[in-house]
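In: got a sequence here, can you model it:
(2 chains)
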Number of protein chains: 2
Amino acid sequence: MDKAQILVASNRGPVSFSIGDDGTVRSRRGGGGLVSGLSSVAAEIDTLWVCAALSDADRKAAGAAPEGRLDKAGYDVGGASVRMLDIPAETFDNAYNSVANSTLWFVHHMLYDTPNKPAFGARFRSEWADYRAYNSAFAEALLTGADEGAKVAVQDYHLALVPRMLRVRRPDLRITHFSHTPWAPPEYFRMLPAEIGRELLAGMLGADYLGFLSVRWADAFLRCCEVFLRAPVNWSTRAVEYGGRIVRVGVHGLGADAEGLRERAAAEDVAQWRERLRERVGDRKLVVRVDRTELSKNIVRGLEAFGELLREHPEWRGRVTHLAFAYPSRGGVAEYRAYTASVHATAEAINAEFGTDGWTPVVLEVNDDYPRSLASYQIADVLLVNPIRDGMNLVAKEGPVLSLDGVALVLSTEAGAADDLGADALLVNPYDVSETAAALHRALSMGDEERRQRTERLAEAAAALPPHRWFADQLRALD
Amino acid sequence: MDKAQILVASNRGPVSFSIGDDGTVRSRRGGGGLVSGLSSVAAEIDTLWVCAALSDADRKAAGAAPEGRLDKAGYDVGGASVRMLDIPAETFDNAYNSVANSTLWFVHHMLYDTPNKPAFGARFRSEWADYRAYNSAFAEALLTGADEGAKVAVQDYHLALVPRMLRVRRPDLRITHFSHTPWAPPEYFRMLPAEIGRELLAGMLGADYLGFLSVRWADAFLRCCEVFLRAPVNWSTRAVEYGGRIVRVGVHGLGADAEGLRERAAAEDVAQWRERLRERVGDRKLVVRVDRTELSKNIVRGLEAFGELLREHPEWRGRVTHLAFAYPSRGGVAEYRAYTASVHATAEAINAEFGTDGWTPVVLEVNDDYPRSLASYQIADVLLVNPIRDGMNLVAKEGPVLSLDGVALVLSTEAGAADDLGADALLVNPYDVSETAAALHRALSMGDEERRQRTERLAEAAAALPPHRWFADQLRALD
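Out: Residues are numbered from 1 along each chain as shown, chains lettered A, B, ... in the order given. Just a heads-up that it's a prediction; the model follows:
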């Protein structure tokens, strides 16, 4: 890779802030592929990360830093320069909540209750104007910070318009955009207002290179380019021609950071949780799931499948516990609150139907506890990952990496991770509760040797493209 | 066409029954393309129509007729032989309500609230077994009634398994299947349990010829065959190879029965309704919609678009009335009840926002009145047909045929009718309330001459393939 300056743009930055009881601002470093990717090069290469303030505490910190530069304000941001944008609250709310999370996320994950939603009226047009303004604020910050010939790595559906905004002003920049979500097929994407759908596609096509997590999502994007922009696609090279330029599309199946994970999982707090969970479960088999309570994660059908397992295979009653960790998400959105209620009700119904004095079939925990999750990966007999649609799903990759005695992975065909793990996971149609129940039965019945061998191969496949290499590959694609 | 015997199989037959106050069974002949198509050949050709009893009265009539043969029991069934099957009530309910109308209809129209529905558990498997039994009852009746070399025209998603059931027993039969719905794209179809999706496709591929209402639906079916059966498709001839046979796929865009419609609309009851409606509306412009209150018909967003029209173009306030005829449908299903409530609430909100003492912006009628619908077609200035997904939509075709002074048609891109009427309708994305409002404004503002010219061309296109020819073409495809 050459030594050109590297810029990253993402909604969420490498650090977030909170306001302590004493009124002072405290910073906390985040994790994830970008953080480790960028830190791994920050020592040798000039870097700038542009992100948005996401909370009042973030705004306070960003407002107090010179030009929003958190590194200049003395925060530990991992070696990179970090500029946090203080975007006006209403603009941010419309761009982030209304457009990105309540529209684009729903489109790409095919989550709409179509007879009732979405409805793109006058209000959506003004929200879209704010999405454009939010993208424009990122573009301005990148243009200000970018040296001649710099590489810019734009992240995700929040910032789909940025590549084109950069391209028209600075053709010298080398631009990549990475989509961490699935991509909608044309028959679903077409529900977006026509001119907005085209603006979105054309915005991304301002990049030199577009990355996706799965062949399925990359091909869906290309089909959308064909249908809505009438852009010629070369299917053998995955290249699309638009506005007189060729844009290349590639697949980078982000893997688990095996080394970092194992290091973290070796800590004392994880060991304590492991003991506590083992005590709780006794010598029963353990089915684990760990998700945000997100509409796409399919927790309710997963619980129903566990119920059907107990109904159809009474031999498992009293012999298996399902630990479901479903930490809260987007509680401000009505659909998410209703979904959380439905998760609770389903778990309670199963416990009411099958539970005994000595045995609670489903243990549902709705708070987030990272060391507890890692401990549960270590000791799970079965890991259930059944999203109705998911860009990748790193739980499916992290579980096998951390498993101590082998884990049988029941995995949705609709997760990007199925590309990489399909050979050794038990694949299920996430809408098919009976098939999922049968896969749980097969997973619980799997012999130790088979489970260990599969887990070994799963862990290897899961760690094949660790975050720093995933990030480096995207940048290398710009050379 | 040769003179071979013709059999028709459809869930709903050419006649239905009711029980009068005096306890006697009364018959009523239905309409539609099959009825007129079959009557037009019944004089010269031996015909048999197999259908299901849909109500208790139907069951009573079918049970009393010798071998279920309504013609032999002396009912007026239009010249064909008609056998009405008395399928056990629970089997019928599972096949018709649960599988056909609550699953296959939802899949093909993409109506699911995906985070919550569907969930294919053990119960669905037993409903599917009943769908198979219901299809099998039709197949048995057809096999019993079919002469050597007869032509069998199987209708719609209720009877997708019949073609293969006939084929394996009677390779001499010439079989066609026609889909009156849209067809789901593979990314949506795949939510069906895998083995059931394949059974459905393979069931239909038992036919020699498969008919669809639009190129879009035909191509979606063929893509499903490629993806789920790995069946080779010849895209230039629309033929698919499966099980060592070639199955041809064709598009027959069913049109309006212009002659029959005009004759019916000339009756006195229609004239009376026309006068009543004109009195009610006065010299205001008239926007009309006529639909079943069906989740796919998109009545709520249509009303919202009318509201946005009044908001963005205040010049129309007091000068336009929206007659929305939304007759009841599937009141036994919770989603449909909730949807009907939402239709009411939306109409009331618009009337509360804009209504005056002398003007009610939206007149919503939820009862069915055929002559009133015909009268409204005659005098509408604008006809709004905005389904989120629709096999064809005959309202869009019947409106222009009956219009007396010209009608501007606002039509969803997602209706099959857009294939035939797209050139002269104002096409809208049904999810885009603002675009629909803008189209209503344009439609209301259209000059008389342009409207008349467009209507003339729309009426011609709408009547291009009348029902008897549509039916004859399907049979001819078997020669």
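
In: hey, where'd the helices end up in the stretch 201-350 of chain A?
Out: For the stretch 201-350 of chain A, applying DSSP state H, counting those that start in this stretch gives helices covering A:215-229, A:258-265, A:268-281, A:299-312, A:334-354.

In: TSV for the ones you listed, including distance to residue A:137?
Out: Where you see a C-beta, it was placed from the backbone N, CA and C, and this is true even at glycine. Written out in TSV, the entries for the helices of the stretch 201-350 of chain A read as follows (distance: least, CB to CB, whole Å):
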stretch	distance to residue A:137
helix A:215-229	25
helix A:258-265	32
helix A:268-281	39
helix A:299-312	35
helix A:334-354	27
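
In: need the winner for burial among those.
Out: By mean neighbour count, with neighbours taken as mean count of other CB atoms under 10 Å in any protein chain shown, helix A:299-312 ranks first of those at a mean of 24.

In: break chain A down into its structural domains.
Out: Structural domains annotated on chain A: A:6-254+A:468-476, A:260-462, as defined by automatic domain parsing.

In: do you know how far residue A:225 is from chain B?
Out: Note on residue A:225: its distance to chain B, by CB to the nearest CB, to the nearest Å, is 16 Å.

In: and what of residue A:392?
Out: Remark: distance between residue A:392 and chain B (CB to the nearest CB) = 18 Å.

In: for residue A:127, same thing?
Out: If you measure residue A:127 against chain B using CB to the nearest CB, the figure is 12 Å.

In: in what helix or strand does that residue lie?
Out: Using DSSP states H and E, the element containing residue A:127 is helix A:122-145.

In: what's the angle between that helix and helix B:299-312?
Out: Taking axes from the mean of the first three to the mean of the last three CA atoms, to 10 degrees, helix A:122-145 and helix B:299-312 form an angle of 80 degrees between their directions.

In: list the contacts for the closest residue to residue A:89 other than its chain neighbours?
Out: Excluding its sequence neighbours, the residue lying closest to residue A:89 (CB to CB, 6 or more residues apart in numbering or on different chains) is residue A:59, at 7.9 Å. Applying CB atoms under 8 Å, 6 or more residues apart in numbering or on different chains to residue A:59 gives the contacts A:53, A:86, A:89.

In: name the SS class of residue A:59, please.
Out: Following DSSP: H, G, I helix; E, B strand; the rest coil, we place residue A:59 in the helix state.

In: quick one: it from residue A:78, how far?
Out: Per CB to CB, to the nearest Å, residue A:59 is found 21 Å from residue A:78.

In: for residue A:188, same thing?
Out: In this view, residue A:188 and residue A:78 are 38 Å apart by CB to CB.

In: who's more crowded, those two?
Out: Regarding residue A:188 and residue A:78, a neighbour count based on other CB atoms under 10 Å in any protein chain shown identifies residue A:188 as having more, with 22 against 18.

In: list the contacts for that one?
Out: The contact partners of residue A:188, by CB under 8 Å, 6+ apart, come to A:107, A:110, B:110, B:185, B:187, B:188.

In: just these: which are in helices?
Out: Counting by DSSP state H, the part of those found in helices is A:107, B:187, B:188.

In: from residue B:107, how far out is the residue of the stretch 301-450 of chain A found nearest chain B?
Out: At 3.9 Å from chain B, residue A:433 is the closest residue in the stretch 301-450 of chain A, using CB to the nearest CB. Look at residue A:433 and residue B:107: by CB to CB, they are 16 Å apart.

In: out of those two, which sits in the more crowded spot?
Out: Neighbours of residue A:433 and residue B:107, each counted by other CB under 10 Å, are more numerous for residue A:433; the result is 29 against 22.

In: wait, the more buried one touches residue A:306, no?
Out: No - under the criterion of CB atoms under 8 Å, residue A:433 lies out of contact with residue A:306, with a separation of 9.6 Å.

In: quick check: residues of the stretch 301-450 of chain A near chain B?
Out: Contact residues (CB under 8 Å from any CB of the partner chain) of the stretch 301-450 of chain A with chain B: A:301, A:304-305, A:308, A:311-312, A:335, A:339, A:342, A:388, A:413, A:429, A:431-435, A:437.

In: just the stretch 1-150 of chain A next, same as before
Out: Counting by CB under 8 Å from any CB, the stretch 1-150 of chain A sits next to chain B at A:110-116, A:118-122, A:124-125.

In: ok, residues contacting the helix or strand of chain A at the bottom of the mean pLDDT ranking?
Out: Least confident helix or strand, chain A: helix A:33-42 with a mean of 77, by mean pLDDT, DSSP states H and E. Judged by CB under 8 Å, 6+ apart, the contacts made with helix A:33-42 from elsewhere in the structure are A:6, A:8, A:10, A:14, A:29, A:47, A:49, A:78-80, A:155, A:254, A:257, A:260, A:467-468, A:470-472.

In: run the chain-centre distance for it.
Out: Centroid displacement of helix A:33-42 relative to its chain, using CA atoms, centre = their mean, to the nearest Å, is 17 Å.

In: same check on stretch A:416-425?
Out: Chain-centre distance of stretch A:416-425: 17 Å, with CA atoms, centre = their mean.

In: so what touches that stretch?
Out: Contact partners of stretch A:416-425, identified using CB under 8 Å, 6+ apart, comprise A:182, A:213-217, A:253, A:255, A:385, A:390-394, A:396-397, A:400, A:409-413, A:427, A:454-455, A:457-458, A:461-462, A:464.

In: any idea which helix or strand carries residue A:441?
Out: For residue A:441, the secondary-structure element it belongs to, assigned by DSSP H and E, is helix A:433-445.

In: let's see that helix as PDB, backbone CA atoms only.
Out: Taking C-alpha atoms only, helix A:433-445 is exported to PDB below (Å, rounded to 0.1, in the frame of the first residue of the first chain):
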ATOM      1  CA  VAL A 433     -39.800 -22.300  12.800                       C
ATOM      2  CA  SER A 434     -40.100 -26.100  12.300                       C
ATOM      3  CA  GLU A 435     -36.800 -26.300  10.400                       C
ATOM      4  CA  THR A 436     -35.100 -24.200  13.100                       C
ATOM      5  CA  ALA A 437     -36.500 -26.500  15.800                       C
ATOM      6  CA  ALA A 438     -35.200 -29.600  13.800                       C
ATOM      7  CA  ALA A 439     -31.800 -28.000  13.500                       C
ATOM      8  CA  LEU A 440     -31.700 -27.300  17.200                       C
ATOM      9  CA  HIS A 441     -32.500 -31.000  17.800                       C
ATOM     10  CA  ARG A 442     -29.800 -32.000  15.400                       C
ATOM     11  CA  ALA A 443     -27.300 -29.500  17.000                       C
ATOM     12  CA  LEU A 444     -28.100 -30.800  20.500                       C
ATOM     13  CA  SER A 445     -27.800 -34.400  19.400                       C
END
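
In: run the angle between that helix and helix B:122-145 for me.
Out: Computed by the same axes, to 10 degrees, the angle separating helix A:433-445 from helix B:122-145 equals 120 degrees.

In: helix A:433-445: which residues count as buried?
Out: A:433, A:434, A:435, A:436, A:437, A:438, A:439, A:440, A:441, A:443, A:444 (16 or more other CB atoms under 10 Å in any protein chain shown).

In: C-terminal to it, what's the next element?
Out: Helices and strands here follow DSSP H and E; after helix A:433-445, the next one along the chain is helix A:448-462.
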